[in-house]
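1. what would the 3D arrangement of this be:
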Amino acid sequence: MRNSIKPENSELVRLIGQAQRTVVFTGAGMSTESGIPDFRSPGGVWSRMKPIYFQEFVEDKDKRREAWNRAFSGVAGWVGAAPNAGHWAIARLVARGKVAAVITQNVDNLHQDSGVPPELLIELHGNASYATCLDCGLRHELAILKQSFLGAGEIPVCRDCGGLVKVATVSFGQPMPQAVMKQAETATLACDLFLVLGSSLVVYPAAGFPIMAKRNGAKLVIVNREPTDLDDLADLVLNGEIGPVMTALAPPN
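-> I've put the predicted structure just below:
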């Protein structure tokens, strides 16, 4: 069912009001209103630079150096932005006990910055605001790594075990984190409303979660600027800007 977006949209308000366990699922369109580019559209990240595959990063020192140049130059534009109205509205719904979990495909840390508790946030594709050791998993702060990289040209390695360090995102060719995927599956199967915000729903396995929720009996709502392949499966589809829709749904106190 497709409706035009209206601030007073009663159907979305009704579905949220009836739900006991809502899961919010966010994609790149969630953060474009913060000025963060998406990946695949004209002008998006991958139209401007070729992705570095995981095996290239591991095997090729020059690729590692290029990856760190990108990370520290901010050319991808994934971090450094501020949460937008949609992020704040989600955080308000979480604080009001209306959202059981937020599953995100984004790596920009904006859900945390808006106040979503880490224990309710499931980051499918990792986080671009810090780095981790590929061997021991130790967290490394980018500000510290940046000093040695720009100052001495040192490609980061783990301060504990000497292993390769990489920005904590899931790269092309890198296995999806199984514990995170299981956490997302558990949250999806427990929800009675699955609210998709700003995802084109073309990247799998992440795009399988709305299907899983619907098949398990949950209501499915999709809010996105453009139609998606799963629109016919949804109980409600809204095409337009996320910020106004979510602010109307969860206005500030």
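2. what's stretch 176-183 in contact with?
-> 122, 123, 124, 126, 170, 205 (C-beta atoms under 8 Å, 6 or more residues apart in numbering). (Glycine included, C-beta is placed from N, CA and C.)
3. list only those of these flagged as buried.
-> Using 16 or more other C-beta atoms under 10 Å as the burial test, those include 122, 123, 124, 126, 170 as buried.
4. pLDDT wise, what is the residue of the chain positioned farthest from its centre at?
-> Distance from the centre of the chain peaks at residue 152, with 33.0 Å (C-alpha atoms, centre = their mean). At residue 152, the pLDDT value in this model is 83.
5. relative to residue 146, how far out is it?
-> Residue 152 sits at a distance of 11 Å from residue 146 (criterion: C-beta to C-beta, to the nearest Å).
6. related to what we said a few turns ago, for residue 70, see how far away the residue farthest from the centre of the chain is.
-> From residue 152 to residue 70 the distance is 19 Å (C-beta to C-beta).
7. could you do residue 224 as well?
-> Taken as C-beta to C-beta, the span from residue 224 to residue 70 is 28 Å.
8. which residues does the closest residue to residue 227 other than its chain neighbours bridge with?
-> Computed as C-beta to C-beta, 6 or more residues apart in numbering, the closest residue to residue 227 that is not its neighbour in sequence is residue 239, at 6.8 Å. Applying DSSP bridges to residue 239 gives these bridge partners: residue 224.
9. next one: residue 196
-> residue 25, residue 222.
10. so what's the residue count around it?
-> By other C-beta atoms under 10 Å, 28 other residues sit near residue 196.
11. do the same with the one 10 residues further on
-> Burial measure for residue 206: 20 neighbouring residues, criterion other C-beta under 10 Å.
12. shouldn't it be in contact with residue 123?
-> No: using C-beta atoms under 8 Å, residue 206 is not in contact with residue 123; the gap is 11.0 Å.
13. where along this protein do the strands fall?
-> Taking DSSP state E as the criterion, the chain contains strands spanning 2-3, 22-26, 99-104, 121-123, 126-133, 139-141, 165-169, 193-197, 219-224, 236-239.
14. so which of the ones you listed gets nearest residue 79?
-> strand 126-133 (5.2 Å; C-beta to C-beta).
15. and residue 224 and residue 70? Which one has more around it.
-> Between residue 224 and residue 70, counted using other C-beta under 10 Å, residue 224 has the larger neighbour count: 22 against 16.
16. reformat the buried ones among the contacts of stretch 176-183 as TSV; add pLDDT and distance to residue 162.
-> Listed next are those as TSV, based on pLDDT from 0 to 100; distance: C-beta to C-beta, whole Å:
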residue	pLDDT	distance to residue 162
122	98	31
123	98	26
124	97	29
126	96	22
170	95	23
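17. now, which of these sits nearest residue 82?
-> Nearest member of these to residue 82, counting by C-beta to C-beta, is residue 123, at 18.5 Å.
18. state the distance from the closest one to residue 245.
-> Residue 123 is 23 Å from residue 245, by C-beta to C-beta.
19. beta partners of the closest residue to residue 123 other than its chain neighbours?
-> Leaving out its chain neighbours, the residue that sits closest to residue 123 by C-beta to C-beta, 6+ apart is residue 104, at 5.8 Å. Beta-bridge partners of residue 104, counted by DSSP bridges, are residue 26, residue 123.
20. quick one, domains of the protein?
-> Domain ranges of the chain: 1-36+83-125+176-253, 43-77+128-169, per automatic domain parsing.
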